[in-house]
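Enquirer: only the shape, not the letters, is given here:
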């Protein structure tokens, strides 16, 4: 199994991009993932209600992991409400939650308000699209476990098409971290109000530019460069602690301009 553990962020991202099929195959070979994929393929077509789904642990786990909601896997009552919510009702739960993943799950599963299942469940193409979604999300999650910066950059690639306002960026903790890191904003900025942060970001870039592939690539490179600095500083601090216990240490300095050919995204 290929691993990005210990690699610099950009090297790790490049490794995943160039060997995507191999990484995805590794995901699907994982015993738990294989069981969940097989269970979904075999049983989703026979499910007629939302109760059928949430009461089948393996299939429900597959669905929750497909939409990055593994942490809510035991919140069955909330998920039933999300799955059957009316997206046209401003007061429905999915319209009161800020994370788009809940709306996406509601749309993709297509349960009716009474909890009955949509015809998609018997469509082989839809089933395989869900398997692809599951595999992509599990790849992001597993990379986040071994190299957090790689996982965050992959998540940005996955979510960027839906980031159509700075409020949407700031409502997603992971995307907020990505953008602030890519712009080299100090950690103290995160404590500012949402409106203040929005103004800071607007000064740096028009939100429409976020859909430009060249801008996306530049942001990933900048995120990788700053994340590499943080990674190096963490390693340096650990080394200094160990060496200082022996009453000696060597200082290390980092030239940011030499990292990944870094070129800052200037303010307008």
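Expert: Right, received. Where do you want to start? Note that this is a predicted model, so its numbers are computed, not measured.

Enquirer: so which residue is smack in the middle of the chain?
Expert: residue 155 (3.2 Å; C-alpha atoms, centre = their mean).

Enquirer: give me the pLDDT for that one.
Expert: Residue 155 carries a pLDDT score of 96 in this model.

Enquirer: swap in residue 2?
Expert: pLDDT at residue 2 comes out at 79.

Enquirer: that one belongs to a helix?
Expert: No: using DSSP: H, G, I helix; E, B strand; the rest coil, the assignment for residue 2 is coil, not a helix.

Enquirer: just use 26 as the starting number from now, easier for me
Expert: Got it, the first residue is 26 from now on, which makes the last one we talked about residue 27.

Enquirer: I'd like the distance between it and residue 159.
Expert: Distance of residue 27 to residue 159, computed by C-beta to C-beta, to the nearest Å: 20 Å. C-beta: built from backbone N, CA, C; applies to glycine.

Enquirer: out of those two, which sits in the busier spot?
Expert: It is residue 159, of residue 27 and residue 159, that has more neighbours when counted by other C-beta atoms under 10 Å, with 23 against 9.

Enquirer: touching, the more buried one and residue 91? I think so.
Expert: Yes: at 4.2 Å, residue 159 counts as touching residue 91 under the criterion of C-beta atoms under 8 Å.

Enquirer: just give the closest residue to residue 234, not the sequence neighbours.
Expert: Counting by C-beta to C-beta, 6 or more residues apart in numbering, residue 234 lies nearest to residue 240, which is 5.0 Å off, once chain neighbours are set aside.

Enquirer: the one you found: helix or strand, and which one exactly?
Expert: Taking DSSP states H and E as the criterion, residue 240 maps to helix 238-269.

Enquirer: also residue 199?
Expert: Residue-wise, residue 199 maps onto helix 198-207 under DSSP H and E.

Enquirer: pretty sure the residue nearest to the centre of the chain is touching residue 198, no?
Expert: No: assessed by C-beta under 8 Å, residue 180 is found out of contact with residue 198, at 10.6 Å.

Enquirer: do a quick rundown of the helices in this structure.
Expert: Under the criterion DSSP state H, the chain contains helices at 34-43, 45-54, 56-68, 75-79, 82-91, 101-108, 118-121, 125-134, 149-171, 173-184, 191-196, 198-207, 219-229, 238-269.

Enquirer: which of the residues in the fourth one are buried?
Expert: Right, helix 75-79. By neighbour count on 16 or more other C-beta atoms under 10 Å, the buried set for helix 75-79 is 75, 77-79.

Enquirer: hmm, who's touching it?
Expert: 71-72, 84-85, 88, 101, 104-105, 108-109, 134, 136, 140, 142 (C-beta atoms under 8 Å, 6 or more residues apart in numbering).

Enquirer: pLDDT averaged over it - what is it?
Expert: Mean predicted lDDT for helix 75-79 stands at 96.

Enquirer: chain center to it: distance?
Expert: Remark: helix 75-79 is offset 26 Å from the chain centroid, using C-alpha atoms, centre = their mean, to the nearest Å.

Enquirer: do the same with the third one
Expert: Centroid separation between helix 56-68 and its chain, computed with C-alpha atoms, centre = their mean, is 22 Å.

Enquirer: pretty sure residue 222 is touching residue 192, no?
Expert: No: under the criterion of C-beta under 8 Å, residue 222 is not in contact with residue 192, lying 9.7 Å apart.

Enquirer: more neighbours: these two, which one.
Expert: residue 222 (21 against 14).

Enquirer: state the number of residues packed around the nearest residue to the more buried one once chain neighbours are set aside.
Expert: Counting by C-beta to C-beta, 6+ apart, residue 222 lies nearest to residue 195, which is 5.8 Å off, once chain neighbours are set aside. Using other C-beta under 10 Å, residue 195 has 19 other residues around it.
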